[in-house]
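Visitor: Got a predicted structure here, sequence first:
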Amino acid sequence: MAGSSFITREERSFFCPSTGIYNGPWSSSLAPTPPLSLPQFLLSHSASSSSSKPAFIDAETGVALTFANLRALTAAAARALAVLGVRRGDVVLHVSPNSLHFPALVLAVMSLGAVFSTANFLQTRSEIQSQVQDSGPVLILTTADLAPKLDGLIPRPPTLIDQFLASLSIDRNAPVEFPGVGPADPAALMYSSGTTGKSKGVVSSHGNLVAMASVLRHVWGRREEVYACVVPLSHMFGFSVFVCGAVAAGATVVVLRRYALDELLMAVEEHRVTLLPAVPPMVVQLARSGGVARANYDLRSLREVISSGAPLGRDNMERFADAYPGITLSQCYGLTETSGPVTVCHGLKGRFQISIGRLIPTVEAKIVHVRTGKALPPNEHGELCLRGPPVMQGYLKNQEATSLAIDEEGWLRTGDLCYIDTQGHVYVVDRIKELIKYKAYQVAPAELEEVLSTHPEILDVAVTPYPDEEAGEIPMACVVRKAGSKIREEDIISFMEKKVAPYKKIRKVLFVEIIPRSPSGKILRRHLKATVMQHRKLGISARL
């Protein structure tokens, strides 16, 4: 692949015993990250910036946005946003499903020195309101059907994206202005639960995102690549791969507004898709539908499916490999806090990969003992810590959480229990952090526990993951009833129904006599998990 180069183990070691630091297999040929804003890097210094080649294609309508039109649309949108009063440092919130014009809106906001933020459109009004109160956006961009849910969250009414785009005066010769925006300026504000607790605003600078775009161009940098975009662009995985990486590489992205298996397979056939970044539930569904999919659709163009967002079990990998013998299944790993994927399987042989790949260029890793913090050698289990240019600036208005996540030497604690072998392959063993991964969505137990604790018949409660083949994990509530209460599982599920987004719903309830807690009152989640597993062995099935 152009621009990438591997070094054999004989030429270079992946681990330095004197420092405890691991590196990836890449050569030093990657150019230094240029001191630019993300729009400058993607639009001013791309060989494709004036090209008639499609940058993005709407899978439903077939409408294409060329690289030249992406640049012109970004410039026009930036001028219109400035007229609406968006200024340097302002936050603009985007709440919408995937769309053809998402990248231009992102780059327009960032080119003004403003900060682009996203919220999952499936969230309830109260959930989005909490994010709005934290980030203080001056403008909300959304669709007509979502506007009623968002109206009144800020003094200004929501701006409808379709009307905004229709009002633009597009001049293909007009330059995109970059008023002194540099790599140190904040660019994106996406929300993540981090290692524990409630969702927090992750501040990514232009430098963080340019570093990720530069690396992804180096790793996956083939202009002839055609990506299918079915994961949310509002999530860092989708944003980093499809906006930062694909645009930097000059590749084409086919955008699906929502995930549906038939629509995805049709897009692969019609647009000759070569790469499909996905999340594990999509891989599981593809594997189950392999015979029908191959019989009804021409998938010969599809070379690789890249799974991320949650662990993918070996059984499902083998099932996929059997169903699609001509397609490689690989994994990558990243966090909102790392501005995208920091491990990739590119260059590894085999029809599927158990590891999550090897470290990308510029990123270093340590595996540290969970209790002592001592750096560990290959094949020993500990917490994965990461350092490098893509790592976030910190959490918005939360210095305490930032200090807990990133130490004085710049090491980010991921909260994942991992090991790295002598070949530099990274493996995820378990999760230290208190998160549930429902269909690759992050669900913070603390958030659900806070809502459940308001129920008048619940004395104590803890939320924990429960294994599920299709979803990966489902949120399960362990509940201590108040004396005399006869509250049932269905009552609790119904209580939560309209209080949280669909992917956060409680889907199973286990009534217990006590919630295990430390002397300080902290829930002992490992003890709780052991209790849940014991009940699972006794044959209690999950409720979906």
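Guide: Yep, it's here.
Visitor: longest helix of this structure?
Guide: Counting by DSSP state H, the longest helix found in the chain is helix 67-83.
Visitor: Remind me what the helix or strand that it is followed by packs against, helices and strands.
Guide: As assigned by DSSP states H and E, the chain's next helix or strand after helix 67-83 is strand 91-95. In terms of contacts (3 or more C-beta pairs under 8 Å, 6 or more residues apart in numbering; DSSP states H and E), strand 91-95 is packed against helix 102-111, strand 115-118, helix 125-135, strand 139-142. Every residue, glycine included, has its C-beta placed from N, CA and C.
Visitor: of all these, which lies closest to residue 468?
Guide: When the helices and strands packed on strand 91-95 are compared by C-beta to C-beta, helix 125-135 sits nearest residue 468, at 22.7 Å.
Visitor: ok, and what's touching that closest one?
Guide: The contact list for helix 125-135, computed with C-beta atoms under 8 Å, 6 or more residues apart in numbering, reads 91, 93, 95, 117, 119, 140, 149-150, 153-154, 189, 191, 199, 201, 396-397, 499-501.
Visitor: Determine which of the helices and strands packed on strand 91-95 approaches residue 484 most closely.
Guide: Residue 484 lies closest, by C-beta to C-beta, to one member of the helices and strands packed on strand 91-95: helix 125-135, at 30.3 Å.
Visitor: for residue 317, helix, strand, or coil?
Guide: Of the three states, residue 317 takes helix according to DSSP: H, G, I helix; E, B strand; the rest coil.
Visitor: Neighbours of it, how many?
Guide: When neighbours are counted by other C-beta atoms under 10 Å, residue 317 registers 21.
Visitor: now do residue 507
Guide: Residue 507: 20 surrounding residues under other C-beta under 10 Å.
Visitor: Give me the nearest residue to it, chain neighbours excluded.
Guide: Computed as C-beta to C-beta, 6 or more residues apart in numbering, the closest residue to residue 507 that is not its neighbour in sequence is residue 474, at 4.3 Å.
Visitor: Now for the one you found, which secondary structure element holds it?
Guide: strand 472-481.
Visitor: State the mean pLDDT of that strand.
Guide: For strand 472-481, mean pLDDT is 93.
Visitor: same question, stretch 428-446
Guide: Average pLDDT, stretch 428-446: 83.
Visitor: Quick check: the closest residue to residue 147 other than its chain neighbours vs residue 144, distance?
Guide: Leaving aside its sequence neighbours, residue 147 sits nearest to residue 158 (C-beta to C-beta, 6+ apart; 4.7 Å). Applying C-beta to C-beta, to the nearest Å, the value for residue 158 to residue 144 is 9 Å.
Visitor: go on, residue 81?
Guide: Counting by C-beta to C-beta, the gap from residue 81 to residue 144 is 19 Å.
Visitor: and what of residue 412?
Guide: Note on residue 412: its distance to residue 144, by C-beta to C-beta, is 39 Å.
Visitor: For the least confident helix or strand in the chain by mean pLDDT, buried residues please.
Guide: Of all helical and strand segments in the chain, the minimum by mean pLDDT, DSSP states H and E falls on helix 525-537, at a mean of 79. By 16 or more other C-beta atoms under 10 Å, the buried positions in helix 525-537 come out as 525, 528, 531-532.
Visitor: Any buried residues in stretch 287-307, and which?
Guide: By neighbour count on 16+ other C-beta under 10 Å, the buried set for stretch 287-307 is 287-288, 290, 293-294, 297, 299, 302, 304-307.
Visitor: ok, now stretch 321-338?
Guide: So stretch 321-338, judged by 16+ other C-beta under 10 Å, has buried residues 321, 323-324, 327-338.
Visitor: Please point out which parts of the helix or strand encompassing residue 510 sit buried.
Guide: In the assignment (DSSP H and E), residue 510 maps to strand 508-511. Going by neighbour count (16+ other C-beta under 10 Å), the buried part of strand 508-511 is 508-510.
Visitor: can you check stretch 345-360 too?
Guide: Residues 345-346, 348, 351-353, 355-360 are the ones in stretch 345-360 that count as buried (16+ other C-beta under 10 Å).
Visitor: neighbouring contacts of it?
Guide: By C-beta under 8 Å, 6+ apart, the surrounding residues in contact with stretch 345-360 are 1, 4, 6, 14, 22-26, 215, 219-220, 306, 314, 317-318, 320-321, 325, 328-333, 341-344, 365, 421, 423-428.
Visitor: So which of these are in helices?
Guide: 215, 219-220, 314, 317-318, 320-321.
Visitor: of those residues, buried ones?
Guide: Burial by neighbour count, 16+ other C-beta under 10 Å: within these this picks out 215, 219-220, 317, 320-321.
Visitor: Output the residues you listed as CSV; include the columns pLDDT and distance to residue 239.
Guide: What follows is these, written out as CSV (pLDDT from 0 to 100; distance: C-beta to C-beta, whole Å):
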residue, pLDDT, distance to residue 239
215, 93, 15
219, 86, 17
220, 82, 15
317, 91, 26
320, 94, 26
321, 94, 29
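Visitor: Between the residues you listed, which sits nearest residue 165?
Guide: Compare each of those with residue 165 using C-beta to C-beta and the shortest gap goes to residue 220, at 29.2 Å.
Visitor: got the CA positions of stretch 181-200 in CSV?
Guide: This file holds the C-alpha atoms of stretch 181-200, laid out as CSV (Å, rounded to 0.1, in the frame of the first residue of the first chain):
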residue,chain,number,x,y,z
VAL,A,181,-7.1,28.6,13.4
GLY,A,182,-4.1,26.4,14.5
PRO,A,183,-3.3,22.9,15.8
ALA,A,184,-3.7,23.9,19.5
ASP,A,185,-7.2,25.2,19.0
PRO,A,186,-10.2,23.0,20.1
ALA,A,187,-12.0,21.4,17.1
ALA,A,188,-14.3,18.7,18.3
LEU,A,189,-16.3,18.0,21.4
MET,A,190,-17.7,14.5,21.5
TYR,A,191,-19.1,12.8,24.6
SER,A,192,-17.7,9.7,26.2
SER,A,193,-18.1,7.9,29.5
GLY,A,194,-14.3,7.5,29.7
THR,A,195,-13.3,4.9,32.2
THR,A,196,-16.0,5.5,34.8
GLY,A,197,-19.1,7.5,35.5
LYS,A,198,-21.3,9.8,33.5
SER,A,199,-20.7,11.0,30.0
LYS,A,200,-18.0,13.7,29.7
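Visitor: how far is it from where the chain is centred?
Guide: Mean C-alpha position of stretch 181-200 versus that of the full chain (C-alpha atoms, centre = their mean, to the nearest Å) differs by 12 Å.
Visitor: and if you look at stretch 504-515?
Guide: A distance of 27 Å separates the centroid of the chain from that of stretch 504-515, by C-alpha atoms, centre = their mean.
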